[in-house]
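J.: Quick one: sequence plus predicted model below, questions after.
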Amino acid sequence: MSLHLSPDLSVWLGALLTLCIFSFLYKDNPLYRFAEHLFVGVSAGYYIILNFWTVIVPNLWEPFTKTVANAGGGAGVGSLFLPRLGDYRIFLAVPGILGLLLFTRLFGKIGWMSRFALAVIIGVYAGIRTTGAAQADFVAQVEGSLKPLWVAGDVGASVNAIIFTIGIITSLLFFFYSREHKGGLGVASKLGISFLMVSFGAGYGYTVMSRISLLIGRFQFLIEDWLGLR
Amino acid sequence: MPWISKLDTLDRRWLFLVMGLLVAGPLIFPAGLPLKVSPPVRSFHDTIEKVPNGSTVFMPCDYDPGARPEMVPMTKTAFRHLLSKDCKVVVTVLWNAGPGLVEATLNEVAREFPNKTYGVDWVNLGYKAGDDAVMVLMGQGIKNAFPRDYRGNPTSTIPLMNNVRDYSSFPLMVNISAGFPGTKEWVQQVQSRFHLPMVSGCTAVSAPEYYPYLQSGQLQGLLGGMAGAAEYELVRGEKGLATKGMDAQSLAHMFVAFCIVFGNIVQRLKRREAA
């Protein structure tokens, strides 16, 4: 096993910044704060440029300017609004103006105007998400929970289905607060807690796996890409 | 007992050091611990396998460099799997720090297939802001939502996109997701509305949230984190980054489990001593 240090400057930069971040595990220090601030600054700049060139230019600016340029009939299109041709591009002015209104927050007195844009954003997202959640998380999940308790010829599947059904019912009963959890309801809700604990445990295990994976990824980068240990 | 009070005030940096050694050790000296393919991973593989060769498959890759160790291995294996079946692949990214990483990952795999051409066999439509709204907009026409690809080419001039209108153009969606927006939103906005069959590869932290979708049939296969990616590599006969990381993963998990059990024993002894 020998070292083959990377000749790539970007790999060295990545490795040194990784070590700066890892140094926080010992204690807070200027190297860690330098890497942290550098990351925040570079990310902000990157996001602004990316959004400008991949969202605002192709989805708003280009179609809008083409529409306005053609409005005089130069390309055979004599209007900003031609529903008969399926052309509604002048409507792009609406999101454009709403987007600009968001920046009024930077100017104290007229900052209230940004609320129009926020109202549209909240309204649209609430609508989209409510219908999506109702279809996917409510209707489809209830449908998926209605399982036959007995699967002919497959004892394992039958046992699974029974445990699954008991788990759903008792977990739901745990969240029933209109009556004191005593007697039958108390037993059911205690059983429900057990099912919930199992799911929290599984969730915790998966979270550990995710976080360890990040550490493994950084170590793979340091050991293989930077040090070239092989 | 003095050792209990010593453990009680143990500097946690010792734990970090042990964890670091347990992760670095197996990466330098791999042990090759055995892996077993779980049913959700098998279903993920089989669902892709059942797609007719030459189909056009939709592959949204919703992650950024923060999830690289989990997402890149499964992206590589899934993309390689699809190209080996001569499928055309349409890729989108709804995470703003993701398009560069996804582009580099796709290019790395595509180099293994010299006869595959960008724009003909695969296309990266890049990033679009709007999360769920973009998903809904794509249902009205993918070119509406993505007038240009990641490389700046007009989508209407890309040969692969000639046969792609909306979700009905795809027999399957292969989503690689690190969180929001990701698998949950694709299920809510696309799978349930447009009935597009879907499989997902996700970070381990989000996997428990998606198992109900698997159980109900809304997802037809699921890769959960690095373990899922490693199992998928095993099914495909590959030995990629996920497989290499699994020894370290197993040792780290054992250490965490040990710390939890040992910590509980110490706390119990301490309480008994105080009583």
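T.: On my side now, so go ahead. Numbers count the residues shown, from 1 in each chain, chains lettered A, B, ... in the order given.

J.: Below-threshold pLDDT in the stretch 1-150 of chain B: ranges please.
T.: Along the stretch 1-150 of chain B, segments meeting pLDDT under 70 are nowhere present.

J.: ugh, wrong one, chain A
T.: Under the criterion pLDDT under 70, the flagged ranges of chain A are A:70-89.

J.: any idea how it splits into domains?
T.: Segmentation of chain A into domains, based on automatic domain parsing, reads A:1-84, A:88-146, A:149-224.

J.: and the stretch 51-200 of chain B, which of its residues are near chain A?
T.: B:66-70, B:96-97, B:99, B:126-129, B:132-133, B:136, B:145-148, B:150, B:185, B:187-189, B:191-193 (C-beta under 8 Å from any C-beta of the partner chain). The way it works is simple: take the backbone N, C-alpha and C, and place the C-beta from them, glycine included.

J.: Which parts of the stretch 151-275 of chain B are helices?
T.: Remark: helices assigned in the stretch 151-275 of chain B by DSSP state H, counting those that start in this stretch are B:183-186, B:192-194, B:207-215, B:225-236, B:241-274.

J.: ignore the last one, chain A
T.: A:9-22, A:30-51, A:62-70, A:93-102, A:114-133, A:140-145, A:155-174, A:183-220 (DSSP state H).

J.: can you list the ones you listed in TSV and add mean neighbour count and distance to chain B?
T.: Below are the helices of chain A laid out as TSV (neighbours: other C-beta atoms under 10 Å in any protein chain shown; distance: least, C-beta to the nearest C-beta, whole Å):
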stretch	mean neighbour count	distance to chain B
helix A:9-22	14	9
helix A:30-51	13	5
helix A:62-70	15	7
helix A:93-102	14	10
helix A:114-133	14	3
helix A:140-145	14	3
helix A:155-174	15	8
helix A:183-220	17	3
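
J.: Of these, give the one that comes closest to residue B:141.
T.: Ranking the helices of chain A by proximity to residue B:141 (C-beta to C-beta) places helix A:62-70 first, at 13.2 Å.

J.: Tell me how far residue A:169 lies from residue B:259.
T.: 35 Å (C-beta to C-beta, to the nearest Å).

J.: what's the answer for residue B:182, then?
T.: For residue B:182 relative to residue B:259 (C-beta to C-beta), the value is 31 Å.

J.: Contacts only, for the closest residue to residue B:250 other than its chain neighbours.
T.: Ranked by C-beta to C-beta, 6 or more residues apart in numbering or on different chains and with sequence neighbours excluded, the top spatial neighbour of residue B:250 is residue B:33, at 5.5 Å. By C-beta atoms under 8 Å, 6 or more residues apart in numbering or on different chains, the contact list for residue B:33 reads B:246-247, B:250.

J.: of all those, which comes closest to residue B:272?
T.: residue B:250 (33.2 Å).

J.: picking up where we left off before, please produce CSV containing the contacts of residue B:33, extended by neighbour count.
T.: Output for the contacts of residue B:33, formatted as CSV (neighbours: other C-beta atoms under 10 Å in any protein chain shown):
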residue, neighbour count
B:246, 25
B:247, 20
B:250, 17
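
J.: Any chance of these in TSV with pLDDT as columns?
T.: Shown next, in TSV, are the contacts of residue B:33 (pLDDT from 0 to 100):
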residue	pLDDT
B:246	95
B:247	94
B:250	95
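
J.: Looking at the residues you listed, which one is closest to residue A:201?
T.: Closest to residue A:201, out of all of the contacts of residue B:33 and judged by C-beta to C-beta, is residue B:250, at 17.8 Å.

J.: residues touching residue A:195, list them.
T.: Taking C-beta under 8 Å, 6+ apart as the test, what residue A:195 contacts is A:166-167, A:170-171.

J.: ok, now residue A:18?
T.: Per C-beta under 8 Å, 6+ apart, neighbours of residue A:18: A:218, A:221-222.

J.: Next, the residue in the stretch 101-250 of chain B that chain A sits nearest to: phi, psi?
T.: The nearest approach of the stretch 101-250 of chain B to chain A comes at residue B:216, 2.5 Å away (C-beta to the nearest C-beta). Per-residue torsions, residue B:216: phi -90, psi 0 (degrees, to the nearest 10).

J.: Please report how far the closest residue to it other than its chain neighbours lies from residue B:144.
T.: Using C-beta to C-beta, 6+ apart and skipping residues adjacent in sequence, the residue nearest residue B:216 is residue A:144, 2.5 Å away. Distance of residue A:144 to residue B:144, given as C-beta to C-beta: 32 Å.

J.: Over to residue A:123?
T.: 21 Å.
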